[in-house]
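Colleague: Dropping the sequence and predicted coords here.
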Number of protein chains: 2
Amino acid sequence: MTLRHALLGLLAGKPASGFELTKVFEESLGQWAWHTTHSHIYPELRRLHEAGLVEIVERASRGRKTYAITPEGRQELRRWMMEPPVSETVRNEGALRMFLINTLEPAEARALLRQYADNASRRLEALHAQLANADQAWRDNPLAVGRLAAERGLRTLPALRDWALWGIDQLDRMQERFTQSGDAEQD
Amino acid sequence: MTLRHALLGLLAGKPASGFELTKVFEESLGQWAWHTTHSHIYPELRRLHEAGLVEIVERASRGRKTYAITPEGRQELRRWMMEPPVSETVRNEGALRMFLINTLEPAEARALLRQYADNASRRLEALHAQLANADQAWRDNPLAVGRLAAERGLRTLPALRDWALWGIDQLDRMQERFTQSGDAEQD
DNA sequence: GTTGTACATGTCAGTAAGTACACTTGGTTG
DNA sequence: CAACCAAGTGTACTTACTGACATGTACAAC
């Protein structure tokens, strides 16, 4: 049910074809918020059309269909957006691995954390680059498409990176203590 | 394939029954990392058993079976933990709504952000309480079960909360500018 | 004129997940 | 000793998602 609202949300911005929507998912939405592929998008658009939440406003060459949101669709989107209980079903593979990190040797755990830190850094850099390329008007409008989502990344990615670095540091300290006590015992 | 590794990871800590594993998911893992229910856990345990990744070490009353991880299971868990590409399929309903917040009126957007801020605050408080109840040894051991995951929450939740508050502030500023320019035009 | 490439839309089979239903057993309380 | 509840394990049905397969079109280059 979420994908259908993602599509409604994008179409609420402006009409688009399945192909264009696929691009949006590949280039921005899918990386930060909701991953999907064209093989979901097309059937879902058909269902949305059958349900009267979107309409076909243009048929172009190569079978291209441009969809637009209908008033009913807009209403349904708004209902979903304001729905109080933000789904609580977490499903975060990274967090899961962190939960289970005690099953690894310290050296392996360290390598894994290193991966996370690097990953967060890379994503943060990419986001900075994206922001640098965007124009001023977009940056200054908190309601612009994706602006708040971008800010979310700007704030959570450093936290994630620092957390991974903290973990590495903790492991190093443990290692040091272990080594020192080992030396002491040999004295 | 992730649930099965979550189960292996928990069993790597110590043997447990399906019922006990269900409790762990309900009380900690499911809230922070991977949500699931008993109706997935039992069939998956059976499959893990068939695959030789876990074994039944005790059969008690009420049909209770205690499972333990086998060496093959441990190997498979380790392989998965170190697997380089941390799944990139994001699926975050909250982030999605933020992406689509431009489809709402400013007042509605503000209410939604308020929800997010409150939610993050509540989760952060719960986490602090949990940490306060935990013993010193656990807090000081970065490799303890769930310790790194807890730290992750301690660091990302404030970022999320502050981000939502930032959004609210931005909306308020926009509102102010709008009101002022409205007044000016009436002069 | 054919060859390659980006555009554009779809289906299908298999697996994972969500939700509801269903059953037995052990211990406690009245 | 009956009634009830929590413990404990499971099935069944439906929807969502993944990845591979399939098909055709416009356009440009050679």
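Modeller: All right, it came through fine.

Colleague: Would the longest helix along chain A count as contacting chain B?
Modeller: Longest helix in chain A, counting residues (DSSP state H): helix A:147-186. Yes - interface with chain B: helix A:147-186 contributes A:147-149, A:151-152, A:155-156, A:158-160, A:162-163, A:166-167, A:170-171, A:174 (Cβ under 8 Å from any Cβ of the partner chain). Just so you know, the C-beta spots here come from the backbone N, C-alpha and C atoms, and that holds for glycine as well.

Colleague: Narrow these to just the buried residues.
Modeller: The neighbour-count test (16 or more other Cβ atoms under 10 Å in any protein chain shown) applied to these identifies A:147-149, A:151-152, A:155-156, A:158-160, A:163, A:166-167, A:170-171 as buried.

Colleague: hang on, A:Met82 packs against B:Arg110?
Modeller: No - using Cβ atoms under 8 Å as the test, A:Met82 is too far from B:Arg110 to be in contact (11.5 Å).

Colleague: between the two, which one's more packed in?
Modeller: Shown here are A:Met82 and B:Arg110; by other Cβ atoms under 10 Å in any protein chain shown, B:Arg110 has more neighbours (18 against 14).

Colleague: and the more buried one, how far is that from chain A?
Modeller: Using Cβ to the nearest Cβ, to the nearest Å, B:Arg110 is found at 10 Å from chain A.

Colleague: Kindly calculate the angle that the host helix or strand of that residue makes with helix B:147-186.
Modeller: Using DSSP states H and E, B:Arg110 sits in helix B:106-133. Counting by axes from the mean of the first three to the mean of the last three Cα atoms, to 10 degrees, helix B:106-133 lies at 150 degrees to helix B:147-186.

Colleague: Any stretches of chain A with poor pLDDT?
Modeller: Segments of chain A classed as low confidence (criterion: pLDDT under 70) are A:84-88, A:182-187.

Colleague: what residue lies at the spatial centre of it?
Modeller: A:Trp32 (2.0 Å; Cα atoms, centre = their mean).

Colleague: what's the closest residue to A:Trp34 other than its chain neighbours in contact with, if anything?
Modeller: The shortest distance from A:Trp34 to any non-neighbouring residue, by Cβ to Cβ, 6 or more residues apart in numbering or on different chains, is to B:Leu96 (4.7 Å). Going by Cβ atoms under 8 Å, 6 or more residues apart in numbering or on different chains, B:Leu96 touches A:Thr2, A:His5, A:Ala6, A:Gly9, A:Leu29, A:Ala33, A:Trp34.

Colleague: Touching, A:Ala60 and A:Phe19? I think so.
Modeller: No - at 10.5 Å, A:Ala60 does not count as touching A:Phe19 under the criterion of Cβ under 8 Å.
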